[in-house]
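Enquirer: Take this sequence and fold it.
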Amino acid sequence: MNTTGTSGVFAREFDEIERAVEVGFAGGRVISVSFPATAPADATADHELLDRIAAYLGGERETFDDVATGLTVPTDRRAVLEALDTIPYGEEVSVSRLTRLAALDADDPDDLELVTGALRDNPIPILFPDHRVRGGPYATPGDVRETLRRVEGV
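Expert: As a prediction, the model looks like this:
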């Protein structure tokens, strides 16, 4: 998906999750995804990524692999989110497994705290699919997370 030069906030309400999806872009990269109750009045509803999210919520298999993202998180958390991004559509892993995927020690409390912190503060849920991790915490709200899991058959 070509988003070169895209900046601003785009949002649309979706019946499937009974709330809006708000996407923030800077320099052509997605920097945030959130789930407000309604779309902000000043947000633009027309964007290809929102069309793709609509298709995904409607049951179409979508990976979002070609969407450029700009993670604004510390390097250690970035490694966790990049590992999270490798979990395929329709699959789930435990927090311990995600810890190992991020080349961390699942038996080290500090490493587990790093992973759970990265999940909790994930700035780009859906694109970095924290709903595919069993036993979170999650940046994605519970009702939205359950819908995403149901869509993917997890």
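Enquirer: And what about the residue nearest to the spatial centre of the chain, helix, strand or coil?
Expert: Closest to where the C-alpha atoms of the chain average out (Cα atoms, centre = their mean) is P125, at 1.7 Å. Judged by DSSP: H, G, I helix; E, B strand; the rest coil, the three-state class of P125 is coil.
Enquirer: contacting residues around it?
Expert: V33, F35, H131, Y138, A139, T140 (Cβ atoms under 8 Å, 6 or more residues apart in numbering). C-beta here means a position set from N, CA and C on the backbone, and glycine is covered the same way.
Enquirer: Kindly write the ChimeraX command that selects the buried subset of those.
Expert: One line in ChimeraX is enough to select the buried ones among these; burial here means 16 or more other Cβ atoms under 10 Å:
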select :33,35,131,138,139,140
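Enquirer: As CSV, the contacts of P125 with distance to D42 would be great.
Expert: Formatted as CSV, the contacts of P125 follow (distance: Cβ to Cβ, whole Å):
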residue, distance to D42
V33, 17
F35, 17
H131, 28
Y138, 27
A139, 23
T140, 24
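Enquirer: and of the contacts of P125, the nearest to R77?
Expert: A139 (11.7 Å; Cβ to Cβ).
Enquirer: On the three-state scheme, that closest one is what?
Expert: coil.
Enquirer: got a list of what the nearest residue to it once chain neighbours are set aside touches?
Expert: In space, A139 comes closest to N122 once its chain neighbours are excluded; the distance is 3.8 Å by Cβ to Cβ, 6 or more residues apart in numbering. Contact analysis of N122 by Cβ under 8 Å, 6+ apart lists L81, L84, F128, D130, Y138, A139, T140.
Enquirer: same check, this time on T4
Expert: Residues near T4 by Cβ under 8 Å, 6+ apart: G28.
Enquirer: how close does it sit to G27?
Expert: 9 Å (Cβ to Cβ, to the nearest Å).
Enquirer: doesn't T147 fall inside a helix?
Expert: Yes. Assessed with three-state DSSP, T147 lies in a helix.
Enquirer: Look up how far R78 lies from H131.
Expert: 19 Å.
Enquirer: How about F35?
Expert: Remark: distance between F35 and R78 (Cβ to Cβ) = 22 Å.
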